[in-house]
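>>> All I have is the shape, not the residue letters:
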């Protein structure tokens, strides 16, 4: 499989977003574990998770525990997790960017993943009540302590990305922002990451759990290009993203082996300059 680099670490050009395996309406545990293992069999070496990927606050950490079970005995996979989101009893979301919380959250992730150091730890979302420098400063301390190997941020704008990189002393490894055919407003962040050689990890690259299956009907160009190549519109979408910059590593969500099998194949799909122009339109 085509590879990319995150903070100097080589990973597959397509990652696996494991979130759908833990939210409300999630698949059976056996199916979820089979999906993760299928991803690895297909050459995927980046798996994205977060402590907050759960149905509600009662099973906080569900996704991390699931991944730890599925990857038991497996080597060569970079697991990226996040801290800074919290869950409510009703299944809602909140943020907590206080340094002391992020450090405690990291300890919880270490325990659930069963590792001595987290491969890539990302601050999940800025907290309007806490200065960005303070939250990211906690990641810098975790790096210095050896609790995490790489540090990243998620849902940051360009100014926040530059500030985070400064606080980390140039060690910002990744930015994970929403980006898809329906959500292209993260173009400035993608371009900045390409400029600074920071990995850009688009989340919900196919439009999210509810919309991914309808991508071709909503965006005709992706369906037409897919038909010309005999592949799915979703595969075309991921190949389109990969062509934008060497720093782009899409992390499509999946809850079935067939979904990640199709997504992983996008790394081998070559699109012409004319096709890319059509998809950009």
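Nice, thanks for sending it over. Values in this document were obtained by computation on a predicted structure and should not be read as measured data.

>>> For this structure, which segments are assigned as helices?
Assigned by DSSP state H, the helices in the chain fall at 29-41, 62-70, 99-113, 132-145, 158-167, 187-196, 215-218, 220-229, 233-242, 257-264, 273-280.

>>> Now mean neighbour count and distance to residue 13 too, for those helices, in a markdown table please.
To be clear about C-beta, it is placed using only N, CA and C from the backbone, and glycine gets the same treatment. Formatted as a markdown table, the helices of the chain follow (neighbours: other CB atoms under 10 Å; distance: least, CB to CB, whole Å):
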| stretch | mean neighbour count | distance to residue 13 |
| --- | --- | --- |
| helix 29-41 | 18 | 13 |
| helix 62-70 | 22 | 20 |
| helix 99-113 | 18 | 23 |
| helix 132-145 | 19 | 25 |
| helix 158-167 | 18 | 22 |
| helix 187-196 | 16 | 15 |
| helix 215-218 | 16 | 19 |
| helix 220-229 | 17 | 17 |
| helix 233-242 | 25 | 6 |
| helix 257-264 | 20 | 9 |
| helix 273-280 | 14 | 16 |
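
>>> wait, which of these is closest to residue 250?
helix 233-242 (4.9 Å; CB to CB).

>>> could you check the angle helix 257-264 makes with the closest one?
Angle between the axes of helix 233-242 and helix 257-264 is 40 degrees (criterion: axes from the mean of the first three to the mean of the last three CA atoms, to 10 degrees).

>>> any idea how far helix 233-242 is from the chain center?
Chain-centre distance of helix 233-242: 16 Å, with CA atoms, centre = their mean, to the nearest Å.

>>> Name the residues that touch it?
Contact partners of helix 233-242, identified using CB atoms under 8 Å, 6 or more residues apart in numbering, comprise 2, 13-14, 179-181, 202, 205-206, 212, 215-216, 219, 222-223, 225-226, 229, 248, 250, 252, 262-263, 265-267, 269-271, 276, 279-280.

>>> avg pLDDT for stretch 210-226?
Average pLDDT, stretch 210-226: 96.

>>> what residue ranges in the stretch 51-200 of the chain score low on pLDDT?
Within the stretch 51-200 of the chain, not a single segment meets pLDDT under 70.

>>> how long is stretch 141-159 from one end to the other?
Counting by CA to CA, to the nearest Å, you get 21 Å between the two ends of stretch 141-159.

>>> count of neighbours near the closest residue to residue 91 other than its chain neighbours?
Setting aside the residues directly before and after it, residue 91 is nearest to residue 56 in space (CB to CB, 6 or more residues apart in numbering), at 4.3 Å. Per other CB atoms under 10 Å, the neighbour tally for residue 56 reads 15.

>>> Residue 45 now?
21.

>>> how deep is the spatially closest residue to residue 9 that is not a sequence neighbour tucked in, by neighbour count?
Of all residues not flanking residue 9 in the chain, residue 78 sits nearest, at 6.0 Å (CB to CB, 6+ apart). By other CB under 10 Å, 20 other residues sit near residue 78.

>>> Adjust the sequence numbering to begin at 22 for everything that follows.
New numbering, starting at 22: the last item is residue 99.

>>> Am I right that residue 99 is in contact with residue 33?
No. Under the criterion of CB atoms under 8 Å, residue 99 makes no contact with residue 33, lying 9.1 Å away.

>>> So for these two, which residues contact both of them?
Common contacts of residue 99 and residue 33, defined by CB under 8 Å, 6+ apart, comprise 66-67.

>>> circling back to that earlier point, same list (the helices of the chain) but as CSV, adding distance to residue 114.
Output for these, formatted as CSV (distance: least, CB to CB, whole Å):
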stretch, distance to residue 114
helix 50-62, 21
helix 83-91, 14
helix 120-134, 14
helix 153-166, 17
helix 179-188, 19
helix 208-217, 21
helix 236-239, 25
helix 241-250, 29
helix 254-263, 25
helix 278-285, 24
helix 294-301, 31
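
>>> Right, I'll call it a day here.
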